[in-house]
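*Asks:* generate coordinates for the sequence data below:
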Amino acid sequence: MSLAERDGMSDPHLRRRFLEGMSRAANTVSVVTSDGPAGRAGVTVSAMSSVSADGPQPVLLVCVHQESPAAEAIRANGVFCVNLLRDDQSGISDVFAGRITTVDGDKFSCALWSRLETGAPLADDRLVAFDCRLLQEQAVGTHHVFFGAVQAVAPGTGPDEATGRPLLYSDRAYGTPARLEGDGAAAAHRRLRRFNTRDTYPDQQLDNDLSQAVAARGTTLYLRGQVGQDLETSASVAVGDPAAQAEQAMANVAQLLREAGSDLGHVCKIVIYLTDPRYREPVYRVVGRWLRGVYPVSTGLVVQALARPEWLVEIDVTAVIPDGEDSETAAP
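*Replies:* Numbers count the residues shown, from 1 in each chain. Predicted coordinates:
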């Protein structure tokens, strides 16, 4: 057997070890689309990388399996768009990966689309997108490597454009990155469709970082509803002042979380009870300041009365003790 023949043979053991090793890598998830004379097509990919930002135009590459209809569409159309997905868009990834079938059988019906320079479909809701003309392509093994000259970059347009996180694929499962500094506590949990109340309620003077849903990691921690009451003496404070009562309630929450082995960064849901809707803005401003950058889920209710007539606001919090922490070592 010649050396060339031997080199052309596949080593099944090396292949298996290679696939297992590569499963440990964390890759961003994108939907690569194309449209033109050869028709419209799209596919989910995790092999996408920057090549160079210098030159006449920036260049990136994507790898598409040779059996995907998108591979032939990209070759024939000469254009493609890389739509980088957010961490709350795994459903779109599953559709274009063929794991989920839409009711009408059209993959593109799972999202809304527009176009940029090349005419390739651009996801209206994305983390970011790169519109490309095909610069070069090469067949390697079972995949086509497409090099794209970037014609335009479309920033995110989702509800959390400024702070959205990419959808990752690693260990054969979806995930999202967690920062090791700054807002690492908030990033430990998946906070979906983040928004700020200044955008939701432009007519109100509010600035609360919230989410539509939170997928928490850790041991669930339920706090008793906190009011304007000193934890040590049980004395009511700030009678007649809803903002000051909210301040005391949030201070109580922070203290109880510390004693349980957690902190404000691991708050997942708050429920705010008010005895008068006029208290909403002053109370929410206080809560928003305490929970800046946390993005919990929030529910607000107006009730007829609380347990004591002098209490104007009650704040109910659900948090977690983060994974890796031992709650038994917390202060009593």
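*Asks:* show the average pLDDT along stretch 40-54.
*Replies:* Here stretch 40-54 scores 94 as its mean pLDDT.
*Asks:* run through the helices of the protein in chain order.
*Replies:* 3-7, 12-22, 69-77, 90-96, 184-187, 197-200, 242-260, 280-290 (DSSP state H).
*Asks:* show me the one of these that comes nearest residue 43.
*Replies:* Checking the helices of the chain against residue 43 by CB to CB gives helix 69-77 as the closest, at 3.9 Å. Quick note: C-beta positions are derived from backbone N, CA and C, even for glycine.
*Asks:* residues in contact with the closest one?
*Replies:* Helix 69-77 has contacts (CB atoms under 8 Å, 6 or more residues apart in numbering) with 32-43, 64-65, 80, 120, 134, 137, 144, 146.
*Asks:* about what we covered before: so which of the helices of the chain comes closest to residue 302?
*Replies:* Taking these one by one with CB to CB, helix 280-290 is closest: 8.2 Å.
*Asks:* and the angle for that closest one with helix 242-260?
*Replies:* Angle of helix 280-290 versus helix 242-260, following axes from the mean of the first three to the mean of the last three CA atoms, to 10 degrees, is 30 degrees.
*Asks:* helix 280-290 - contacts with which helices or strands?
*Replies:* When contacts are defined as 3 or more CB pairs under 8 Å, 6 or more residues apart in numbering; DSSP states H and E, helix 280-290 packs onto helix 242-260, strand 267-274.
*Asks:* any idea how far the closest residue to residue 209 other than its chain neighbours is from residue 254?
*Replies:* Distance criterion CB to CB, 6 or more residues apart in numbering; nearest residue to residue 209, sequence neighbours excluded, is residue 295 at 4.9 Å. According to CB to CB, to the nearest Å, residue 295 stands 17 Å off from residue 254.
*Asks:* cool, and residue 228?
*Replies:* In terms of CB to CB, residue 228 sits 15 Å off from residue 254.
*Asks:* more neighbours, those two?
*Replies:* Taking other CB atoms under 10 Å, residue 228 and residue 254 do not tie; residue 228 has more neighbours (27 against 17).
*Asks:* list the contacts of the closest residue to the more buried one other than its chain neighbours.
*Replies:* The shortest distance from residue 228 to any non-neighbouring residue, by CB to CB, 6+ apart, is to residue 245 (2.9 Å). When contacts are counted by CB under 8 Å, 6+ apart, residue 245 touches 227, 228, 237, 238, 311, 312, 313.
*Asks:* pLDDT at residue 245, what is it?
*Replies:* 96.
*Asks:* what residue ranges in the stretch 201-332 of the chain score low on pLDDT?
*Replies:* Residue ranges of the stretch 201-332 of the chain with pLDDT under 70: 324-332.
*Asks:* try 90
*Replies:* Scanning the stretch 201-332 of the chain for pLDDT under 90 picks out 201-218, 261-262, 265, 292-295, 321-332.
*Asks:* what sits against the residue nearest the centre of the chain?
*Replies:* Taking CA atoms, centre = their mean, the centroid of the chain lies closest to residue 87, which sits 3.5 Å from it. By CB under 8 Å, 6+ apart, the contact list for residue 87 reads 164, 165, 166, 167, 168, 174, 175, 176, 190, 192.
*Asks:* contacting residues for the third one?
*Replies:* It refers to residue 166. Applying CB under 8 Å, 6+ apart, the residues contacting residue 166 are 28, 29, 84, 85, 86, 87, 127, 176, 177.
*Asks:* likewise for the last one?
*Replies:* Remark: with contacts taken as CB under 8 Å, 6+ apart, residue 192 is in contact with 87, 88, 211, 212, 213, 214, 215.
*Asks:* identify the bridge partners of it.
*Replies:* Counting by DSSP bridges, residue 192 is bridged to residue 213.
*Asks:* where does it land on pLDDT?
*Replies:* For residue 192, the pLDDT comes out at 81.
*Asks:* next one: it from residue 221, what distance?
*Replies:* From residue 192 to residue 221 the distance is 20 Å (CB to CB).
*Asks:* next: the second one.
*Replies:* With the distance defined as CB to CB, residue 165 ends up 24 Å from residue 221.
*Asks:* if we can go back for a sec, possible to save the contacts of residue 166 as TSV with distance to residue 320?
*Replies:* Below are these laid out as TSV (distance: CB to CB, whole Å):
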residue	distance to residue 320
28	27
29	26
84	29
85	26
86	23
87	18
127	26
176	16
177	19
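*Asks:* drop anything exposed from those.
*Replies:* The neighbour count (16 or more other CB atoms under 10 Å) marks 28, 29, 84, 85, 86, 87, 127, 176 as buried among these.
*Asks:* phi first, then psi, for the fourth one.
*Replies:* Recorded main-chain torsions at residue 85 are phi -90, psi 150, according to degrees, to the nearest 10.
*Asks:* how about it, nearest residue that isn't a chain neighbour?
*Replies:* Spatial nearest neighbour of residue 85, chain neighbours left out: residue 167 (4.3 Å); criterion: CB to CB, 6+ apart.
*Asks:* phi, psi for that neighbour please.
*Replies:* Phi and psi for residue 167, reported as degrees, to the nearest 10, are phi -80, psi 130.
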